[in-house]
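1. Take a look and give me a structure for this.
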Amino acid sequence: MKKFIKNIFYIFLPLILGGLVSLLITKNIDYNELIKPPLAPPSIVFPLAWTIIYFLMGLSYFTLNTRYKEDISYESIIYYLQLFINILWSIIFFLLKWRFFACIWIILLVIVVAYMIYLFFRKDKISAYLNIPYFIWILFATYLTIGIFFLN
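-> Sure thing, here's the model as predicted:
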């Protein structure tokens, strides 16, 4: 039972953290009022995309941890670091409205996620591949963040 709970924790932690941050920032989200760059999706796309991405992220770490639990201490640090950076981006962008800093922060996120995927790939290719949609999405989010900064 303890192992089952631990596994559920690994899979659902990103979803839980993302949900908590969403509750924190909901009243401050001004996405619909902002001038957005071309290709900006409607706001309904974001919770759907992030739900899928957070689930894949958790599944990725669960897979890696299940197969290599004694040998992933550094990978774990990078995984939790990128999750921390990811969660703080929403607070920086929507709650604090520090748009320029959000641009720098999301570039940091891109770098750390790319590095995490590289580390995961060295241990377990499936764990790395599960993060490819996340990486593509944050590249797109970087475009949106920088575009919104310059247009507003």
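
2. Counting neighbours, what do you get for residue 77?
-> Residues near residue 77, counting by other C-beta atoms under 10 Å, number 12. Every residue, glycine included, has its C-beta placed from N, CA and C.

3. Next: residue 136.
-> As a burial measure, residue 136 scores 11 neighbours (other C-beta under 10 Å).

4. what does residue 91 give?
-> 16.

5. most centrally placed residue in this protein?
-> Central residue of the chain (C-alpha atoms, centre = their mean): residue 86, 4.5 Å from the mean position.

6. pLDDT score for that residue?
-> If you check residue 86, the pLDDT there is 98.

7. Surely it touches residue 109?
-> Yes. Residue 86 is within contact range of residue 109, at 5.9 Å (criterion: C-beta atoms under 8 Å).

8. got any residues that touch both of the two?
-> residue 138 (C-beta atoms under 8 Å, 6 or more residues apart in numbering).

9. Give me the helix or strand of this structure that scores worst on average pLDDT.
-> Of all helical and strand segments in the chain, the minimum by mean pLDDT, DSSP states H and E falls on helix 2-25, at a mean of 91.

10. which residues are in contact with that one?
-> Helix 2-25 is contacted by residues 47, 50-51, 54-55, 57-59, 61-62, 65-66, 83, 87, 90-91, 94-95 when judged by C-beta under 8 Å, 6+ apart.

11. Put the alpha carbons of that helix into CSV.
-> Taking Å, rounded to 0.1, in the frame of the first residue of the first chain, the C-alpha atoms of helix 2-25 are listed here in CSV:
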residue,chain,number,x,y,z
LYS,A,2,2.8,2.4,0.9
LYS,A,3,4.5,1.8,-2.6
PHE,A,4,1.1,2.4,-4.3
ILE,A,5,0.7,5.7,-2.6
LYS,A,6,4.3,6.7,-3.4
ASN,A,7,3.7,5.8,-7.1
ILE,A,8,0.5,7.9,-7.1
PHE,A,9,2.4,10.8,-5.6
TYR,A,10,5.0,10.7,-8.4
ILE,A,11,2.4,10.6,-11.1
PHE,A,12,0.0,13.2,-9.7
LEU,A,13,2.3,15.7,-8.0
PRO,A,14,2.7,18.0,-11.1
LEU,A,15,-1.1,17.9,-11.5
ILE,A,16,-1.7,18.8,-7.9
LEU,A,17,0.9,21.6,-7.9
GLY,A,18,-0.5,23.0,-11.1
GLY,A,19,-4.0,22.9,-9.8
LEU,A,20,-3.0,24.7,-6.6
VAL,A,21,-1.2,27.4,-8.5
SER,A,22,-4.2,27.7,-10.8
LEU,A,23,-6.5,28.3,-7.8
LEU,A,24,-4.0,30.9,-6.5
ILE,A,25,-3.9,32.9,-9.7
